[in-house]
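Peer 1: what follows is a predicted protein model with its sequence.
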Amino acid sequence: MNLDVPNGQTAAASTRSKSLLALHEETKLGPDEGAAVSRERFHAKVSSPTAGRVGVGNLNEAASAAFALDVLGLALGVSGRVPYPVRCNASSGNLHTVEARVAFAHEGGVAIGHYDPTSHTLALRGAARCDAPVSALRVALSLVLERQSAKYGARGYRYGLLDLGHALGAHVLAAHARGAHVALEDWSEEATGRAFGVSPFASAPERTGLVLRVARGPLADAPRPRCAATDSPSAVGRDARMHAWHDRTSSGHSRLREAFGAGWLPAADWRDVGPTLIRQRRSARAFTPAVLARGELDAILRPLARALGREGADVAMRAAVAAHDVHGVAPGFYALAPDGSLSALHVGDVRDDTCFMHACQQMAGDAAFVVMLGAPLAELVALRGGRAYRDAHVVAGAIGQLLCVTAESAALRGNPMGAFFDDELAPLFPAGHAPLHTLAFGVPRPRTA
């Protein structure tokens, strides 16, 4: 992702950056005084439905409800039960912060449907006539922030943004599997609310996340839906702080549309991705001790390096790798270069350290390797305002979803992890970078119950 960072900052930009990053600081996790591994040792090493429902097959025209349900089912739908329901997209705590509404062709016009993953149906929210044929779907992804804050507190906002990114990556893969493409569009929160019925005043308050355009043909601009979707105004959300944080990340200029781009997925890396593989994705619950071949590691790192940016380009997002059990790669911490090569930061057994800095989650130490993503949040926010903070987390989540599906194609399994000690992880990245998202990979241990 090419999210250029400036060499200097204005005083106003610096103040704006500090205001938002102060909230980020408050959500950091840190080790207790009695933690098994001291930070000195670690640092030394790395110096509801309204009008009715539309089911599959009701319509057959381009941009129809059937196509919408096909894409939404592969992106956000229930893919199995283990024994609880799991979905194609990963989500922190399986809480699924993201809701989806879609504008689709309906009876000579356009209709808005709210997707229900459990029943795999669209609840109709509104409809209107259109002056031009509807040739593409528009999907509005929104956030129900209270689902995360109820469990994780203020840090849940960061998890919600990562969920939004995972949902974005899931839509890209779902569209790719159906011979379609995805583009991001710039919509204000007010415009999205009017068109799709996303409201912070609903009984389950929602905030606008992203608006996607999904089409099988060229991604040319198309008329936007003008129908007013309906919802029932009610009380403001319980967690006012979460909504205030979202307001702060709504300001400034977003370059996510340009950075992401319709051609972000190299065709060579994703030609084998299909519905079966997408529905197969699960978050690993535990790993079996196994030494991976170097090619299995490269199967994850190659598309990751391409996603982070073109070779030789200066990119904002950086990746670090903790290698535990990979043939031909000495255990240790590594920085990932744009060409996919690894540069050693520390060579040696780092299982305990990796486990420790991931809030003592044993899975981080049991995995064959762990991928960690970070970005220069302060500089990005100073340059483009709070929206850059949101963009960075969304990009990290999207990359995470793509890597989790990639792992399935290599007979591996991933587990996205949002709980980590921020200050312990930061030394693995260039100065000024903040850790955003981590993912553990390995051979999954079969479930016994």
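Peer 2: Arrived safely. Just so we're clear, the structure is a prediction, and the values are computed from it rather than from any experiment.

Peer 1: going forward, measure contacts and count neighbours with C-alpha atoms only.
Peer 2: Fine.

Peer 1: and the longest strand anywhere in the chain, how far from the chain's centre?
Peer 2: For the chain, the longest strand by residue count, based on DSSP state E, is strand 434-444. Counting by CA atoms, centre = their mean, to the nearest Å, strand 434-444 is centred 13 Å from the centre of its parent chain.

Peer 1: pull the CA atoms of that strand into PDB?
Peer 2: This file holds the C-alpha atoms of strand 434-444, laid out as PDB (Å, rounded to 0.1, in the frame of the first residue of the first chain):
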ATOM      1  CA  ALA A 434       2.800   1.200  15.700                       C
ATOM      2  CA  PRO A 435       1.700  -2.400  15.700                       C
ATOM      3  CA  LEU A 436      -1.800  -2.900  14.300                       C
ATOM      4  CA  HIS A 437      -2.500  -6.600  13.700                       C
ATOM      5  CA  THR A 438      -0.900 -10.000  14.000                       C
ATOM      6  CA  LEU A 439      -1.700 -13.400  12.700                       C
ATOM      7  CA  ALA A 440      -0.300 -16.800  13.800                       C
ATOM      8  CA  PHE A 441       0.000 -19.600  11.200                       C
ATOM      9  CA  GLY A 442       0.700 -23.300  11.400                       C
ATOM     10  CA  VAL A 443      -0.800 -26.800  11.100                       C
ATOM     11  CA  PRO A 444      -4.100 -26.800  13.000                       C
END
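
Peer 1: packing partners of that strand?
Peer 2: strand 287-288, strand 369-375, helix 386-409, strand 413-417, helix 422-425 (3 or more CA pairs under 8 Å, 6 or more residues apart in numbering; DSSP states H and E).

Peer 1: out of these, nearest to Ala174?
Peer 2: Among the helices and strands packed on strand 434-444, the nearest to Ala174 by CA to CA is helix 386-409 (10.9 Å).

Peer 1: tilt between the closest one and strand 369-375?
Peer 2: 160 degrees (axes from the mean of the first three to the mean of the last three CA atoms, to 10 degrees).

Peer 1: that older thread, can I get the helices and strands packed on strand 434-444 in TSV with mean pLDDT and mean neighbour count?
Peer 2: Formatted as TSV, these follow (pLDDT from 0 to 100; neighbours: other CA atoms under 10 Å):
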stretch	mean pLDDT	mean neighbour count
strand 287-288	92	18
strand 369-375	96	25
helix 386-409	91	26
strand 413-417	94	27
helix 422-425	95	22
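
Peer 1: so how far is the host helix or strand of Leu345 from its chain's centroid?
Peer 2: Per DSSP states H and E, Leu345 falls inside strand 342-347. Distance of strand 342-347 from its chain centroid, counting by CA atoms, centre = their mean, is 27 Å.

Peer 1: repeat that for stretch 373-388.
Peer 2: For stretch 373-388, the distance to the chain centre is 17 Å (CA atoms, centre = their mean).

Peer 1: go ahead and confirm Leu137 touches Val110.
Peer 2: No: look at Leu137 against Val110 with CA atoms under 8 Å: they stay out of range, at 9.8 Å.

Peer 1: what is in contact with these two at once?
Peer 2: Ala103, Phe104 (CA atoms under 8 Å, 6 or more residues apart in numbering).

Peer 1: related to what we said a few turns ago, contacts for the longest strand of the chain?
Peer 2: Here strand 434-444 makes contact (CA under 8 Å, 6+ apart) with 162, 284-290, 292, 363-364, 367-377, 393, 396-397, 400, 407, 411-418, 422, 425-426, 429.

Peer 1: stretch 89-104 spans what distance, first to last residue?
Peer 2: In stretch 89-104, first residue to last residue: 22 Å (CA to CA, to the nearest Å).

Peer 1: for the stretch 101-250 of the chain, just list every one of the helices.
Peer 2: According to DSSP state H, counting those that start in this stretch, the stretch 101-250 of the chain carries its helices in the segments 146-152, 156-177, 189-196, 240-248.

Peer 1: quick one, which of those gets closest to Leu20.
Peer 2: Short answer: helix 240-248, nearest of these by CA to CA, at 7.1 Å.

Peer 1: separation between the residue lying closest to Ser92 once chain neighbours are set aside and Thr118?
Peer 2: Nearest non-adjacent residue to Ser92, counting by CA to CA, 6 or more residues apart in numbering: Tyr159, 6.2 Å away. Distance, Tyr159 to Thr118, by CA to CA: 22 Å.

Peer 1: quick check: Ser409 touching Leu277?
Peer 2: Yes: using CA under 8 Å, Ser409 is in contact with Leu277, at 6.9 Å.

Peer 1: show me what counts as buried in stretch 240-259.
Peer 2: By neighbour count on 16 or more other CA atoms under 10 Å, the buried set for stretch 240-259 is Met242, His243, Trp245, His246, Arg248, Thr249, Ser250, Gly252, Ser254, Arg255, Leu256, Ala259.

Peer 1: identify all contacting residues around that stretch.
Peer 2: Outside stretch 240-259, the residues that touch it by CA under 8 Å, 6+ apart are 1-3, 20, 23, 145-146, 149, 154, 157, 183-186, 207, 237, 384-391, 395.

Peer 1: turn the buried residues of stretch 240-259 into CSV, including pLDDT.
Peer 2: Formatted as CSV, the buried residues of stretch 240-259 follow (pLDDT from 0 to 100):
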residue, pLDDT
Met242, 75
His243, 78
Trp245, 78
His246, 82
Arg248, 81
Thr249, 83
Ser250, 80
Gly252, 76
Ser254, 77
Arg255, 75
Leu256, 76
Ala259, 62
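
Peer 1: all good on my end, thank you.
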